[in-house]
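Colleague: Predicted model follows, preceded by the sequence.
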Amino acid sequence: MYMIQMLNLISATLLDNYNRKLEDGSNPLDLDIDDKFRITLQKVKPLQIMFPSQVYACTVASLTAQPLDTDLPSFKCMTHNATCEALVGYLSHNNTTLGRIQSLFQVNDLSALLGVNLLPPTTPENYTIAEGQTVKIPFPCRCTNGIGLSDRIPIYTVTKNDTPNSITTNVFSGLVAAGVSDSELVTLQQIQNLQIGTKLWVPLPCSCDQVEGQKVVHYAHVVLPGDSLDAIAAEFETTTETLVSINNITPTT
C-alpha cells in the first residue's frame, strides 16, 4: 500500500527568496537553481521529480551493510558508478521531530535537512513534524548496473516486533517499495532471520542521470494508486503529453 498523500515541491521562487533572505552569510546551503524544473513518472512508483542541479551541504555516516548485487526495479541510472545528491519525500506516520527523522535517515548535517525544507537555520532538532507531513530528505545516490540506489544509507537497526513489511511500509513510508521487495530486503543482505539489533541497509530509489543534457537533482516520492497523469501534470504545471513522452507510458482512463 502506498501511503503518500501529497507531494510538496520546492519551487524556484521559494528557493530564490530563501537565498535572498540569507545573503548575510547565515545560509547553510549554497543553492543554485533556475526557474525551471522537470517531472518524470517512472513505470514503478515512486514519482520522480528532477530539479536543475543544486548543491547540498550534506555529510553521511559510513556504512558496513552487505552490498546489493542484483537487478532491482528502481530508477534508471545509466552512468556506471556515478554518484550525486538526491532527495526523497518522507511522509511521517505519526507526530515526531526533525531530529528523529534526521537520525532515521542518517543525515549528519541538520542544516542540510533545514535547507531543502526551507526551514530557518536556527530551527532546533526538536522541531515538531506532524503526522502526514512530508519532509524532504537529502542523501547520496550511486549508479550501479543501470539502477540508482542510496549509497549505503540509511542503515536501520531492527527493534522488537519489526518485520520486513513494517520496516518498508511503516518506518520508511513506502519509499523502499520501488527499490526492493520485503523478502529481498533480508535475503539480499545474507540475513536468515530478523533479530533485535540486526542492521539492514534500506535502499532508497534515486538517479544521477542528466536530463536533456542538464544536470538535475532527482526527487522521489511515492504516489497513491489512482492518481491520474492529468492531476499530476496540473500539480506541477506541466502537461500529460510531456509525462507520457518522457516516460514512454500509456495513461489510464
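Modeller: Received, thanks.
Colleague: Low-confidence regions, the stretch 101-250 of the chain specifically.
Modeller: Counting by pLDDT under 70, the stretch 101-250 of the chain contains low-confidence residues at 177-193, 221-225, 232, 235-239, 242-250.
Colleague: Helices of that one, residue ranges please.
Modeller: 110-116, 164-165, 182-187, 229-235, 240-247 (DSSP state H, counting those that start in this stretch).
Colleague: helices and strands around the longest strand anywhere in the chain, which ones?
Modeller: In terms of residue count, the longest strand belonging to the chain (DSSP state E) is strand 134-144. Using 3 or more C-beta pairs under 8 Å, 6 or more residues apart in numbering; DSSP states H and E as the contact criterion, the elements in contact with strand 134-144 are strand 83-91, helix 98-104, helix 110-116, strand 147-150, strand 216-221. C-beta: built from backbone N, CA, C; applies to glycine.
Colleague: switch to 6 Å and redo it
Modeller: Applying 3 or more C-beta pairs under 6 Å, 6 or more residues apart in numbering; DSSP states H and E, one finds that strand 134-144 contacts strand 83-91, helix 110-116.
Colleague: Which strands and helices lie in contact with the longest one?
Modeller: In terms of contact count using 3+ C-beta pairs under 6 Å, 6+ apart, strand 83-91 is assigned the packing partners strand 134-144, strand 216-221.
Colleague: just the ones you listed: most buried one?
Modeller: strand 216-221 (a mean of 25; mean count of other C-beta atoms under 10 Å).
Colleague: Which strands or helices does that one pack on?
Modeller: For strand 216-221, the packing partners by 3+ C-beta pairs under 6 Å, 6+ apart are strand 47-52, strand 83-91.
Colleague: hey, least reliable of those by pLDDT?
Modeller: If you rank the helices and strands packed on strand 216-221 by mean pLDDT, strand 47-52 sits at the bottom with a mean of 50.
Colleague: if we can go back for a sec, what does the longest strand of the chain contact?
Modeller: 8, 56, 58, 60, 77, 79, 82-91, 101, 105, 112, 116-117, 129, 148, 150-151, 206, 208 (C-beta atoms under 6 Å, 6 or more residues apart in numbering).
Colleague: Just the buried ones out of those residues, please.
Modeller: Among those, those classed as buried by neighbour count (16 or more other C-beta atoms under 10 Å) are 56, 58, 60, 77, 82, 84-91, 101, 105, 112, 116-117, 129, 148, 150-151, 206, 208.
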